[in-house]
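> no sequence for this one, just the structure:
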């Protein structure tokens, strides 16, 4: 099984942004753009007997930006798909008054053995 703490940041490293598991970047203020991620589910996809051979894993990325994030989102999709992930869901989180960043959610599935 892949270690997501290492695997996801490695895939997104070419973007040059903070990529944080299930939190926000630490520091005095948030960067203008950053990415957070978490695993939404991991379930057996293929078993032989009682041994799990393949696991379906759904990863959720949150793209945070103070301005337009269209190009960043497209770059993320390309990098994730090149690494073998399939995008299954994408949506904007409604912006609320007082928020500092816009938020785009991307979910990807991959099969891990």
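Yep, that arrived. The model shown is predicted, which means the values in this text are computed figures rather than measured ones.
> Which neighbouring residues are in contact with the residue nearest to residue 34 when sequence neighbours are not counted, exactly?
For residue 34, ignoring the flanking residues on the chain, the nearest one in space by CB to CB, 6 or more residues apart in numbering is residue 18 at 4.3 Å. To be clear about C-beta, it is placed using only N, CA and C from the backbone, and glycine gets the same treatment. The contact partners of residue 18, by CB atoms under 8 Å, 6 or more residues apart in numbering, come to 25, 31, 34-35.
> Buried ones in the longest helix seen in the chain, by neighbour count?
Across the chain, the longest stretch assigned as helix under DSSP state H is helix 70-82. By neighbour count with 16 or more other CB atoms under 10 Å, helix 70-82 contains the buried residues 72-73, 75-77, 80.
> Out of those, which comes closest to residue 51?
Distance to residue 51 across the buried residues of helix 70-82 (CB to CB) is lowest for residue 80, with 28.4 Å.
> Show me the shaky parts of the chain.
1, 28, 44-48, 52-53 (pLDDT under 70).
> now the helices for it?
Taking DSSP H as the criterion, the chain carries its helices at 4-12, 70-82.
> what does the shortest one contact?
Okay, so that is helix 4-12. 19, 21, 35, 37, 39, 57, 59, 61, 76, 79-80, 83.
> Next, the angle from it to helix 70-82.
Orientation of helix 4-12 against helix 70-82 (axes from the mean of the first three to the mean of the last three CA atoms, to 10 degrees) gives an angle of 120 degrees.
> and the residue nearest to residue 59 when sequence neighbours are not counted, how far is that from residue 71?
If you skip the residues right next to it in sequence, residue 59 has residue 108 as its closest partner in space, 5.1 Å away by CB to CB, 6+ apart. Distance of residue 108 to residue 71, given as CB to CB, to the nearest Å: 19 Å.
> Repeat that for residue 84.
23 Å.
> Please check the contacts of helix 4-12 and keep the buried ones.
Applying a neighbour-count criterion of 16+ other CB under 10 Å, the buried members of these are 19, 35, 37, 57, 59, 61, 76, 80.
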